[in-house]
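Novice: Starting from these lines, generate the structure:
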Amino acid sequence: QVQLVESGGGLVQAGGSLRLSCAISQRTDSIDVMAWFRQAPGKEREFVAGIRWDGARTRYADSVLGRFTISRDNAKNTVFLQMDSLKFEDTAVYYCAADRSYTVAVHTFSGHYDSWGQGTQVTVSS
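Specialist: All right, here's what the predicted structure looks like:
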């Protein structure tokens, strides 16, 4: 596993923006894909966005397409999630995750990811 630490969550009004960061504390040469998931109270964890570590491919959930942008800084071993035009329904705990299964695809199933951060709370007020 690799150690992941999220930051950047908080309280924001609807229509506002937040930028989440995920710091990777160990070697990244085994990572194929990094992704963001979220889990709202009483709901299952869901895929939000993912990016291949080489940057060749990104994937987004339909619910965030056009509003969220995932990116990575390989030199700083950090993945970002820029969240714009936030909605009340974006309220959740956001987790970053690493897929090291020698995959070339960005999977939406959480079982593909073997390393997880502790999560950061995002609360959007209506």
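
Novice: What distance do you get for R72 to R52?
Specialist: 9 Å (C-beta to C-beta, to the nearest Å). In this view, the C-beta of every residue, glycine as well, is placed from N, C-alpha and C.

Novice: check contacts around the residue minimising distance to the centre of the chain.
Specialist: Centrality entry for the chain: nearest residue to the mean C-alpha point is W36, 1.9 Å, by C-alpha atoms, centre = their mean. Going by C-beta atoms under 8 Å, 6 or more residues apart in numbering, W36 touches 20, 22, 47-50, 70, 79, 81, 94-97.

Novice: Narrow those to those in strands?
Specialist: Here DSSP state E is the test, and the contacts of W36 give 20, 22, 47-50, 70, 79, 81, 94-97 as lying in strands.

Novice: ok, and the closest non-adjacent residue to V93?
Specialist: In space, and not counting its chain neighbours, V93 is closest to G119: 4.2 Å by C-beta to C-beta, 6 or more residues apart in numbering.

Novice: ah, wrong one, I meant S126
Specialist: Per C-beta to C-beta, 6+ apart, closest to S126 is F88, 4.3 Å.

Novice: okay, the one you found: pLDDT?
Specialist: We have a pLDDT of 97 for F88.

Novice: Equivalent analysis for Q13, please.
Specialist: 98.

Novice: before we move on, what about the one 4 residues further on?
Specialist: According to the per-residue confidence, S17 scores 98 in pLDDT.
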